[in-house]
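A.B. asks: Just need the structure, nothing else, for what follows:
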Amino acid sequence: MPEYRKVSVESVSNTPNPTREMKEIDEAVGASEFGFNVVTADPGEQVPWGYHRHPDHEELFYVLSGELRVETQDGEFRVEADEAFFVPRDAPNRAVAAGETPCRLVAVGAPKDADSAIIEEECPACGETTDRTYEAVEDAGRAVYVLSCAGCGVETRRFE
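C.D. replies: Here you go, the predicted structure:
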């Protein structure tokens, strides 16, 4: 017998990421074949970590409200409310909340077990295009996430 599950998106805990809020709905309902996240990003916030690609994973962004700017090798795309944007497997991209208001979107990806991301950004210190490592640290009683260049180890970004 299948096990149906229902959750309130509002009740799902926020997952650490560089946006205001990311709710991992797939984890909350136990989905095993696809990822499904509801994200709220303030203007200028990246969704999620940086310019990246998923070697074996497709992504789809559906904007509920606000505007999303997606940077790709083929140029920049503006995705507005009630529009969807597909990212093929292994295609580099960076999504950023654009406009004057927060962007609320659904991010779907499959297959779920192949969602590992490779960040490939130029390091401001060594100039090489590298992946990033990250760690959670305590800073004045708050959890802070620190991204560092995988090549030279210099901190490249931090966020709460």
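A.B. asks: Quick check: the nearest residue to Q73 once chain neighbours are set aside vs G66, distance?
C.D. replies: Nearest residue to Q73, sequence neighbours excluded (C-beta to C-beta, 6 or more residues apart in numbering): P92, at 5.8 Å. C-beta coordinates here come from the backbone N, C-alpha and C atoms, glycine included. Using C-beta to C-beta, to the nearest Å, P92 is found at 23 Å from G66.
A.B. asks: cool, and D139?
C.D. replies: Taking C-beta to C-beta as the measure, D139 falls 29 Å from G66.
A.B. asks: Those two: which has the busier surroundings?
C.D. replies: Taking neighbours as other C-beta atoms under 10 Å, D139 and G66 compare with G66 leading, 21 against 11.
A.B. asks: ok, that one touching V96?
C.D. replies: No: counting by C-beta atoms under 8 Å, G66 stays clear of V96, with 11.3 Å between them.
A.B. asks: Now the common contact residues for these two.
C.D. replies: Each of A41 lies in contact with both G66 and V96 under the rule C-beta atoms under 8 Å, 6 or more residues apart in numbering.
A.B. asks: Check the secondary structure at the spatially most central residue of the chain for me.
C.D. replies: With distances taken as C-alpha atoms, centre = their mean, the chain has P48 as the residue nearest its mean C-alpha position (2.4 Å). Of the three states, P48 takes strand under DSSP: H, G, I helix; E, B strand; the rest coil.
A.B. asks: Check the spacing between it and P2 real quick.
C.D. replies: 31 Å.
A.B. asks: What is the neighbour count of the residue nearest to Q73?
C.D. replies: Neighbour tally, P92, other C-beta under 10 Å: 16.
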